[in-house]
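Trainee: Can you look at this prediction? I've put the sequence above it.
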Amino acid sequence: MRRLSGLAALLIPALLLFTSADQARNQTRYSVQAYIMYPQAWGAEKRRLELSDTITEPHRINIYYTKEYFHMPEALPAQLQDSSRAGDTLQLAGGTGYLKKKEIMMAYDKRGYISVFANYGCPNCPISPYEHHYEYDASNRPVKITNVIGKQEEFVFVYETTGNLKTVERIENGKVIQRVVYEVTALN
C-alpha cells in the first residue's frame, strides 16, 4: 500500500506537468510591434520601432498597455469603470509630506465609467495640474481624452476590429506631436 501511495505521489505531479505544458502549447501567442511616429515639419513622419513584445492575451493592447510602455497619457485612474460609483463624484484631498495639498477629483457617468479624472494641484508634484475628460465608443473603450486645463492636450485612441488598440495619437494645440502604431499578429 505504501508503495502505491509513493508511486501516486510521483505520477500526479508528472501528469500535472504534462497537462500544463500541453495547455501552454495550445495557447495562441501574439507578436506585438509598436512604432512611434514623429511628424516632421515638411509633412512626412519619422517611424521608429520602439517596442517588440510577445503576449498571450488577445486583447492586452489597451490604454493601460500604452500607459505602461509609452506613458501616454501620463495620468490614468487605476480602473476606468466602477459600477458601484455610477453618477458619483469623488474629491480626494490631503496626503502626507510633499503630497499634503494634492487634490484629485474623479467623476463617473451613469454607467460607472470615469468621465472626468483631475489633479488640481500639488506644489511639489512632478505632473502639472490637469482635468481629463473621457469619451467612449459603443464598446465602452476610451476613444478620446481631452485635458481642459493647463497644457492643451488630447489623446485619441483608434481600435482594430479585434479590440486591440491600433493607434494612439497625442495632440497638442491641434497638432499631432506623437503617434504610437501597434501591429499585432498571431504567431501560432
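Mentor: Perfect, thanks for sending it.

Trainee: C-alpha from now on. contacts and neighbour counts both.
Mentor: Fine.

Trainee: all helices for the chain, in order.
Mentor: Assignment of helices within the chain using DSSP state H yields the ranges 2-26, 63-70.

Trainee: which of those has the lowest average pLDDT?
Mentor: Set side by side, the helices of the chain give their lowest mean pLDDT on helix 2-26, at a mean of 51.

Trainee: Let me know the distance separating Arg57 from Val181.
Mentor: Small correction: residue 57 is Glu, not Arg. From Glu57 across to Val181, the span is 19 Å (C-alpha to C-alpha, to the nearest Å).

Trainee: more crowded one of these two?
Mentor: Val181 (20 against 11; other C-alpha atoms under 10 Å).

Trainee: looking at it, the more buried one is touching Asn164, isn't it?
Mentor: No: the criterion here is C-alpha atoms under 8 Å, and Val181 misses it with Asn164 at 11.2 Å.

Trainee: Give me the pLDDT for Cys122.
Mentor: As predicted, Cys122 sits at a pLDDT of 64.

Trainee: just Glu135 next, same as before
Mentor: Per the predicted model, pLDDT is 97 at Glu135.

Trainee: need the contact list for it.
Mentor: Each residue near Glu135 by C-alpha atoms under 8 Å, 6 or more residues apart in numbering is listed here: Ser115, Pro142, Val143, Lys144, Ile145.

Trainee: Bridge partners for the residue nearest to the fourth one when sequence neighbours are not counted, pull those for me.
Mentor: Ranked by C-alpha to C-alpha, 6 or more residues apart in numbering and with sequence neighbours excluded, the top spatial neighbour of Lys144 is Val156, at 4.6 Å. Here Val156 shows beta-bridge partners Lys144, Glu169, assigned using DSSP bridges.

Trainee: tell me the contacts of Val156?
Mentor: By C-alpha under 8 Å, 6+ apart, the contact list for Val156 reads Val143, Lys144, Ile145, Val168, Glu169, Arg170, Ile171.
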